[in-house]
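Q: sequence below, structure please.
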Amino acid sequence: MPRADAHREAQPRREASGPSAAQPHHDVVIVGAGAVGLLLGCLLARRGLDVVVLERRTERGGRSRAIGIHPPGLRALGLVGLEPEVRSHAVEIRSGRVICRGRVLGALSFARAGTVLSLPQLQTEDVLERRLEELQPGSLRRGVEVVGLRDRGTHVEVAGTAGGEPVHVSARYAVGADGVRSGIRHLLGLGWEQRRGRAHYVMCDTRDDTGEPSTALLHFEPAGVVESFPLPGGGRRWVAWVHRPPAEPSAQQLETIVRSRTGAAFDVDDAGVPSAFEVRQHLAERMSRGRVALAGDAAHEISPIGGQGMNLGWLDAVRLDHELAAALSAGAPFEAFEAYDLVRRRAAARAIRQAAFNMAMGAPAHGLRLAARNAAVRVLAIPPLRALLANAFTMRWL
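A: Model (predicted):
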C-alpha cells in the first residue's frame, strides 16, 4: 500500500500525451492487496484483462479484522468461483438474538434474508490471493511502495520503490484499494469527510462455550453493548464497547467486562491475543478523479463490526469490474468512473448512517433512554419489521 506522505510534486494531474509518451503496459493497476483489491483483481482477470496488483507488504500478516461475509459479498465471491471454497472454510450464522439483563428483546432468523458466513479476513484474503494467481499468474507484486501517480489523460503512470529500486507501472486505469490511510486518496488530493459515529471497543477470539454455534448474540446492556459471533473451528469473537480502551488490553480484562455485563464467561487461558480499536466513520469527497478510482476503505471508513466495510468494498469492486470492462471495450474513455462515483458513494453514505445508528443503539443507556431503546428493539423484532431488520443485518439493501 502506498505512503500517505508523498510529496506535492507527485500529485496526479491530467496531461496530454504526445508522440513520445509511454504506452500503457496494463489495462488496470490496483494499489492494495487486501480483500477488496484482490477481489477486483480476480474479477478483472477472469475477463482476460491485463491487471497488476501492487502491495507494500511483502507478506500477508497482522490480526484478522472483518469476519462477516454477507449475502451480497458471497455473491461477489461467487462471480470468481469462490463461493464453494469459502463455504467450506466458514461457519454459518443462521440467527441473531438481542438480549438485555438476561431478557430476550428480539430474535432474528436469516433463513429468508440469507445466511451470513463467518470467516476471518486473513483466511478470506488467502483464498482470494490463490485464486488471483490461478487466473493470472504473477499479477500480484508484493513489496512495492507507491510514492507517485500521474494521470496522463490517456493512461496512468504509477511510481514506486521495491527494495530500494525504482518501479514504474503504467495502465489505462488505476484503482486505489489501499485502506483507510490511503496514499492514493492523498495523491488525488481528495478530502476525507468525517461522518457521525465514533466509539471504542475491545475484541478477543475465544473458544465458544455458549452452546450456540450458529447464533450471533447482541447484549444491549446498560453499561454498553457486548456482541459475540461464531467463528470456524468452534471459536467465538467477543466485542465490547468501552469508554476508553486500555493501553494494553488483556483477555482477563475483556472477560471481566463480558461477565459483569452479561453473566456469560469464557476461558481466558484458551483466548487469543486481544486488541482495542476505535471506530470512526469517513467518506471521501469523491470516489474517483480522472482515470483513478477509490474502492473499499480507501473510499469510505465504516464500523467494521459485522463486516460491513469489507462487504461494501466488495460491492465497489463488482461495480468497478462492470465499469472498467465497458470502458476498455469502448476505447478507454477518460470519464469511465462517473456513474461508479455517484452510485457507490450513495451506497457508502447509507451504510455509514446504518452503522451510526447501530453504534448509538449499543452505547450505554440508563433510565428512560434504556427503556425507550429496549422498546424500539422489541418493535423492530415484530413482523413485518423483523424482515426489514434481517435484510438490513445481512446488507441485502446494498
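Q: which element is Ala265 on?
A: According to DSSP states H and E, Ala265 maps onto no helix or strand at all.
Q: swap that for Thr154, please
A: Here Thr154 is assigned to no helix or strand, by DSSP H and E.
Q: what's the neighbour count on it?
A: The number of residues packed near Thr154 is 17, by other C-beta atoms under 10 Å. C-beta coordinates here come from the backbone N, C-alpha and C atoms, glycine included.
Q: got it, and Gly189?
A: By other C-beta under 10 Å, neighbour count at Gly189 equals 13.
Q: got it, and Arg378?
A: Neighbour tally, Arg378, other C-beta under 10 Å: 13.
Q: for His219, see how far away it is.
A: 15 Å (C-beta to C-beta, to the nearest Å).
Q: Leu117 now?
A: Relative to His219, and taking C-beta to C-beta, Leu117 is found at 22 Å.
Q: how is this structure carved up into domains?
A: According to automatic domain parsing, the chain comprises the domains 8-69+121-194+281-355, 91-115+195-280+363-393.
Q: and among those, the most buried is which?
A: domain 8-69+121-194+281-355 (a mean of 20; mean count of other C-beta atoms under 10 Å).
Q: tell me how far it is from the chain's mean position?
A: Offset of domain 8-69+121-194+281-355 from its chain centre (C-alpha atoms, centre = their mean, to the nearest Å): 13 Å.
Q: and that domain, what's its mean pLDDT?
A: In this model, domain 8-69+121-194+281-355 has a mean pLDDT of 91.
Q: oh, and call the first residue 214 from now on, that's how I've got it
A: OK, 214 is where the count begins now, so the last one is domain 221-282+334-407+494-568.
Q: tell me the contacts of Ile595?
A: For Ile595, the contacting residues are Gly319, by C-beta atoms under 8 Å, 6 or more residues apart in numbering.
Q: now the strands: where do they sit in the stretch 414-563 of the chain?
A: Counting by DSSP state E, counting those that start in this stretch, one finds strands in the stretch 414-563 of the chain at the ranges 428-434, 437-444, 448-455, 488-497, 501-502, 505-507, 513-514.
Q: out of those strands, which is closest to Gly274?
A: Proximity to Gly274, assessed across the strands of the stretch 414-563 of the chain by C-beta to C-beta, is greatest for strand 488-497 (14.1 Å).
Q: what inclination does the closest one have with respect to strand 448-455?
A: Counting by axes from the mean of the first three to the mean of the last three C-alpha atoms, to 10 degrees, strand 488-497 lies at 70 degrees to strand 448-455.
Q: partners of strand 488-497 in the sheet?
A: Strand pairing for strand 488-497, using DSSP bridges, gives strand 405-420 (antiparallel), strand 513-514 (antiparallel).
Q: can you redo these as JSON lines with distance to Arg259?
A: JSON lines is the format used below for the strands paired with strand 488-497 (distance: least, C-beta to C-beta, whole Å):
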{"stretch": "strand 405-420", "distance to Arg259": "32"}
{"stretch": "strand 513-514", "distance to Arg259": "25"}
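Q: select, out of these, the one closest to Pro487.
A: Per C-beta to C-beta, nearest to Pro487 of those: strand 405-420, 3.9 Å.
Q: residues in contact with the residue nearest the centre of the chain?
A: Most central in the chain under C-alpha atoms, centre = their mean is Met523, positioned 2.1 Å from the mean C-alpha point. Residues in contact with Met523 (C-beta under 8 Å, 6+ apart) are Ala248, Val249, Arg278, Ala279, Gly281, Ile282, Gly286, Gln334, Thr337, Gly509, Pro517.
Q: give the contact list for the third one.
A: With contacts defined as C-beta under 8 Å, 6+ apart, Arg278 is in contact with Gln334, Pro517, Met523.
Q: distance of the first one from Gly274?
A: When you say that, I think you mean Gln334. 12 Å.
Q: now swap in the second one and tell me
A: Noted for Pro517: a distance of 18 Å to Gly274, by C-beta to C-beta.
Q: and what of Ala484?
A: Counting by C-beta to C-beta, the gap from Ala484 to Gly274 is 20 Å.
Q: circling back: which one of the contacts of Met523 is nearest to Ser427?
A: Gly281 (13.5 Å).
Q: the closest one bridge partners, please.
A: Ser331.
Q: just checking, it touches Glu440?
A: No. In this structure, Gly281 is not within contact of Glu440 by C-beta atoms under 8 Å, at 11.1 Å.
Q: show me what contacts Leu507?
A: Leu507 touches Val388, Gly389, Ala390, Ser395, Ile397, Arg398, Leu401, Leu403, Ala497, Met500, Ser501, counting by C-beta under 8 Å, 6+ apart.
Q: just Ile280 next, same as before
A: Ile280 touches Ser331, Leu332, Pro333, Gln334, Phe442, Leu444, Arg450, Gly520, counting by C-beta under 8 Å, 6+ apart.
Q: neighbours around the third one, how many?
A: Right, Pro333. 21.
Q: from memory it sits against Leu444, does it?
A: Yes. Pro333 lies in contact with Leu444 (C-beta under 8 Å); the separation is 7.1 Å.
Q: contacting residues for Arg276?
A: By C-beta under 8 Å, 6+ apart, the residues touching Arg276 are Leu335, Val486, Ser488.
Q: name the nearest residue to Gly404, sequence neighbours excluded.
A: In space, and not counting its chain neighbours, Gly404 is closest to Glu498: 3.9 Å by C-beta to C-beta, 6 or more residues apart in numbering.
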